[in-house]
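> Sequence plus the predicted model coming up.
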Amino acid sequence: MRQTWRWFGLKDHVSIDDMMQAGVEGVVSALHHVPTGAVWEPQDIARRQAEITTRSDARPSSLRWEVVESLPVSEDIKKQRGDWKAHIANWKTSMRHLHDAGIDVICYNFMPVLDWTRTDLSWERPNGARCMRFDLTDFAAFDIHILQRPGAVEQFSEAVTVAAAERFATMSDARKRQLSANVVFGLPGAAEQFTLHDVRAHLAEYASISEERLQGHMIDFLAEVAPLAEELGMRLCCHPDDPPFPLLGLPRIMSSQAHYRKILDAVDLPANGVTLCTGSLGARPDNDPVAIFQALADRVHFLHLRNVSIEGDAEMNSFYEDEHLSGHTDMVAMVRAILVEEARRKSIGRDDWSIPFRPDHGQDILYDIGRAGQPGYPAIGRLKGLAELRGLYRAFQYTMESIQ
C-alpha cells in the first residue's frame with residue numbers, strides 16, 4: 001500500500017512540507033486550472049512536478065507526482081455532443097504528455113454534471129468535529145423547491161417529499177443560497193463552477209440519455225483511450241459515482257459491482273481499471289466495498305480509503321463522512337484484503353503490486369476548524385486517518401511476514 005496524499009497546488013492550505021511531515025510517499029494532483037477538454041501541455045505538467053519536488057525553503061522534497069486525479073472527462077464526451085471527438089483526441093494527447101513526464105496512473109470519473117454531491121460541507125458532530133454530509137431531506141428540498149426540476153417529486157418517497165416541503169418552508173434565504181452552493185460545489189479546485197442555470201441546461205441535455213446509452217458512451221470513450229494506455233504502460237482507473245444512486249434524474253453507471261463489471265468486460269484490457277473508493281461505494285447499504293474489491297481486485301489501480309455512516313436501509317439515504325475506522329465499511333477487513341491482493345500480485349511478478357492509496361476526506365478537527373481549506377480535505381483529519389490506516393497496514397504486514 002503506497003501512501004499518497006491529494007494536493008490542489010500552491011493554493012492548497014496543506015503544503016509540501018506538511019505532507020512530508022505526515023510521512024506520505026507520493027502525491028496525487030491535477031492541473032485544476034486547465035479547462036475541461038483542453039490538452040495538458042508538457043510545460044504545465046513540469047511546473048506542477050517542480051512544485052511537488054520543492055519545499056517552502058527551496059530545498060528538494062522527497063515527494064513526486066505519482067497519480068493524476070483527475071484528468072477530467074468533458075460533458076461533451078459523456079453526452080457525445082459538440083466537440084466530443086476533439087476532446088477525446090485531447091485526452092489522448094494529455095495521456096502521452098503525462099507518460100512522457102513519468103506519470104502512469106490516471107484517475108477519472110464519468111459522473112454526469114456534478115462530480116460529487118453534498119448538502120453540508122461542515123456538519124458538526126457531537127464531539128465538535130466537522131464533516132461533509134448528504135441530507136436526503138435537504139437535497140429533496142433543493143431539487144423540488146429551489147432547482148424546481150420537472151419530475152423531481154416522483155424521485156422521492158411521499159414521506160421525503162412531505163419532509164422536504166416542511167424543511168424548505170423553514171429555510172432562511174441564506175440557508176437556501178448555501179444549500180444551492182453546496183450541491184453544485186463540484187470537484188474541489190476544478191476550473192468549472194456551475195450555476196443553477198448551468199445545471200438546468202445540462203439536465204435538459206441529459207433528458208434523452210438513459211443509463212444504457214451513457215454506458216455505451218463510456219465504452220466508446222474507453223475503446224479509444226484504453227488501448228493507448230495499454231500501449232504506453234499506463235493505468236486508467238474510474239472513480240465510482242458519489243453518491244452511488246441516481247440524483248436529479250441523471251443516469252448513474254458506476255455505482256455497483258455489476259456496473260464496474262460491465263465496463264471492465266466491455267473493454268477488457270488491464271489498463272482499464274478501477275479506483276476503489278470505499279466511501280462512495282459504501283454510501284449504499286447493498287454495497288459491500290470489501291467484497292467489491294475482492295471481486296475486482298485484479299483491476300484495482302488506485303484506492304480511496306474513507307468511511308461513511310448511512311442513516312437508513314434504502315438505496316437512497318442520508319449519510320455523513322465518518323472517521324476512517326467507523327461507518328459502513330469494515331476498514332480492518334478492507335486493509336487485510338488489500339495486503340492479500342498485493343501479496344498475490346507480487347508472487348506473480350506484477351510491477352504494480354503495491355497499490356497506491358490515499359486517506360480520502362476526513363473530519364475537520366483541532367486546527368482544521370476555521371482554516372478554510374478545501375471541503376473534505378483537512379490536514380489533521382486526514383493525518384489521523386492516514387495514521388490509523390498505516391497502523392492497520394503495518395500490523396497485517398507484520399503478521400503476514402511472521403507467517404511466511
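Received the coordinates, thanks.

> List the buried residues in the longest helix along the chain.
With secondary structure taken from DSSP state H, the chain has its longest helix at helix 379-403. Within helix 379-403, the residues that qualify as buried are 379-386, 388-390, 392-393, 396, counting by 16 or more other C-beta atoms under 10 Å. All C-beta atoms are positioned from the backbone trio N, CA, C, and that covers glycine.

> do stretch 21-39 as well
22, 24-32, 34, 36-39.

> In strands only, show me the residues you listed.
Gly26, Val27, Val28, Ser29 (DSSP state E).

> Now these in JSON lines, please, with extra columns for pLDDT.
Conversion of these to JSON lines gives the following (pLDDT from 0 to 100):
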{"residue": "Gly26", "pLDDT": "97"}
{"residue": "Val27", "pLDDT": "98"}
{"residue": "Val28", "pLDDT": "98"}
{"residue": "Ser29", "pLDDT": "98"}
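
> just those residues now: which is nearest Thr54?
Val27 (11.9 Å; C-beta to C-beta).

> For Arg64, see how far away the closest one is.
Val27 sits 7 Å away from Arg64, going by C-beta to C-beta, to the nearest Å.

> if I look at those two, which residues touch both of them?
Ile52 (C-beta atoms under 8 Å, 6 or more residues apart in numbering).

> so where's the protein shaky on pLDDT?
Where the chain drops to pLDDT under 70, the residues are 185-193, 401-404.

> tell me, what residue is most central in this structure?
His239 (5.5 Å; C-alpha atoms, centre = their mean).

> ok, Asp241 to Glu25 distance?
The gap separating Asp241 from Glu25 is 29 Å, by C-beta to C-beta.

> Check Asp351 too.
Distance from Asp351 to Glu25, by C-beta to C-beta: 16 Å.

> Equivalent analysis for Pro289, please.
Distance from Pro289 to Glu25, by C-beta to C-beta: 23 Å.

> can you check Leu269 too?
Distance from Leu269 to Glu25, by C-beta to C-beta: 27 Å.

> Over to Glu51?
17 Å.

> try Pro35
31 Å.

> go on, Gln3?
On the measure of C-beta to C-beta, Gln3 and Glu25 end up 5 Å apart.

> if we can go back for a sec, tell me the one among the buried residues of stretch 21-39 nearest to Thr278.
Val28 (16.0 Å).

> pretty sure that closest one contacts Arg6?
Yes - between Val28 and Arg6 there is a contact at 4.5 Å, judged by C-beta atoms under 8 Å.

> what is in contact with those two at once?
In contact with both Val28 and Arg6: Glu69, Arg358, using C-beta under 8 Å, 6+ apart.

> could you pull out the strands for the stretch 301-404 of the chain?
307-311, 318-322, 356-359 (DSSP state E, counting those that start in this stretch).

> if we look at the second one, which residues are touching it?
Pointing back at strand 318-322 there. 123, 125, 131-137, 243, 279, 283, 306-312, 361-363, 376.

> Mind checking which of the residues you listed land in helices?
Leu136, Thr137, Gly279.

> Of the buried residues of stretch 21-39, which is the nearest to Ile146?
For the buried residues of stretch 21-39, the nearest to Ile146 is Thr36 (25.3 Å; C-beta to C-beta).

> how close does that closest one sit to Ser208?
22 Å.

> Let me have the buried residues of helix 379-403 in CSV, adding distance to Asp330 as columns.
Formatted as CSV, the buried residues of helix 379-403 follow (distance: C-beta to C-beta, whole Å):
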residue, distance to Asp330
Ala379, 27
Ile380, 25
Gly381, 21
Arg382, 20
Leu383, 22
Lys384, 19
Gly385, 15
Leu386, 19
Glu388, 14
Leu389, 13
Arg390, 18
Leu392, 11
Tyr393, 15
Phe396, 13
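
> all strands of the stretch 1-150 of the chain, in order?
Counting by DSSP E, counting those that start in this stretch, the strands of the stretch 1-150 of the chain are 2-6, 26-29, 65-69, 105-109, 120-124, 130-134.

> Tell me which of those strands sits nearest to Ile45.
That would be strand 65-69 among the strands of the stretch 1-150 of the chain, by C-beta to C-beta, at 8.2 Å.

> Which other helices and strands does that closest one contact?
If you count contacts as 3 or more C-beta pairs under 8 Å, 6 or more residues apart in numbering; DSSP states H and E, strand 65-69 packs onto strand 2-6, strand 26-29, helix 42-52, strand 105-109, strand 356-359.

> same thing but 7 Å
strand 2-6, strand 26-29, helix 42-52, strand 105-109 (3 or more C-beta pairs under 7 Å, 6 or more residues apart in numbering; DSSP states H and E).

> Just give the strands next to that strand in its sheet, each with its orientation.
When pairing is defined by DSSP bridges, strand 65-69 lines up against strand 26-29 (parallel), strand 105-109 (parallel).

> Tell me which residues touch Tyr393, please.
Met1, Val335 (C-beta atoms under 7 Å, 6 or more residues apart in numbering).

> Same list, the ones in helices among the contacts of strand 318-322, but as CSV with neighbour count and distance to Leu339 please.
Shown next, in CSV, are the ones in helices among the contacts of strand 318-322 (neighbours: other C-beta atoms under 10 Å; distance: C-beta to C-beta, whole Å):
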residue, neighbour count, distance to Leu339
Leu136, 21, 36
Thr137, 20, 40
Gly279, 28, 20
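
> any chance of these in a markdown table, with distance to Val335 too?
As requested, these are exported to a markdown table (distance: C-beta to C-beta, whole Å):
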| residue | distance to Val335 |
| --- | --- |
| Leu136 | 30 |
| Thr137 | 34 |
| Gly279 | 15 |
